[in-house]
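*Asks:* Could you look at this predicted model? Sequence included:
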Amino acid sequence: MNGYFNGIFDTTGENHLEGQNIKPFVDVLYSTVELLATAQLLIVPDPKYTKKQTHASTQIKYSGFTKLGNFKPEYATTLNKLSGLRDQARYLKGDLYISEGDCRKYLEIVEDMLKYTEKIIT
């Protein structure tokens, strides 16, 4: 991986997973997948979305574009799953239940999403 996301994720996300710091890993991975989804969505002219994005608007818009066949379904699924875990990971609201195997699966999906995003925006 290279570029902006590489610097953030490689130095934060993967280190947390290796150190079994699952909550920071999930939080950073969620932020990464949401930024990648936003980058993909900003390619399509939409003044309302361009002016103001929210977590919810990004999820809804990205899921809609995915249903139309514009993006891989696993990208939207990962965004939605990690969004659902965000409160437990970031704000420590309740217990966080996610296996290391799922963490690695989501990491692979986000790495693929990064490659795809770099391809379409450059």
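*Replies:* Nice, I can see it.
*Asks:* I'd like the average pLDDT over the lengthiest helix in the chain.
*Replies:* In terms of residue count, the longest helix belonging to the chain (DSSP state H) is helix 100-121. Across helix 100-121, the average pLDDT comes to 93.
*Asks:* which helices and strands sit right next to that helix?
*Replies:* Packing contacts for helix 100-121, counted by 3 or more CB pairs under 8 Å, 6 or more residues apart in numbering; DSSP states H and E, involve helix 3-18, helix 22-41, helix 73-90. In short, each C-beta sits where N, CA and C put it, glycine included.
*Asks:* most packed of the ones you listed?
*Replies:* The highest average neighbour count among the helices and strands packed on helix 100-121, using mean count of other CB atoms under 10 Å, belongs to helix 22-41 at a mean of 21.
*Asks:* before we move on, the earlier item: tell me which residues of the longest helix of the chain come out buried.
*Replies:* Of the residues in helix 100-121, those with enough neighbours to count as buried (16 or more other CB atoms under 10 Å) are 103, 106-107, 109-111, 113-114, 117-118.
*Asks:* from those residues, which is closest to residue 33?
*Replies:* Among these, residue 110 lies closest to residue 33 (CB to CB), at 5.2 Å.
*Asks:* Quick check: that closest one vs residue 37, distance?
*Replies:* According to CB to CB, to the nearest Å, residue 110 and residue 37 sit 10 Å apart.
*Asks:* One more: residue 29?
*Replies:* Separation of residue 29 from residue 37 (CB to CB) stands at 13 Å.
*Asks:* just residue 91 next, same as before
*Replies:* Going from residue 91 to residue 37 by CB to CB gives 21 Å.
*Asks:* in this protein, which segments are predicted with low confidence?
*Replies:* 1-20 (pLDDT under 70).
*Asks:* 80 - rerun?
*Replies:* Where the chain drops to pLDDT under 80, the residues are 1-21.
*Asks:* I'd like the helices and strands packed on helix 100-121 written out as CSV, with distance to residue 98 added.
*Replies:* Compiled in CSV, those are given as follows (distance: least, CB to CB, whole Å):
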stretch, distance to residue 98
helix 3-18, 11
helix 22-41, 6
helix 73-90, 6
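*Asks:* Quick check: residue 29 touching residue 106?
*Replies:* Yes: with contacts counted by CB atoms under 8 Å, residue 29 reaches residue 106, the gap being 6.0 Å.
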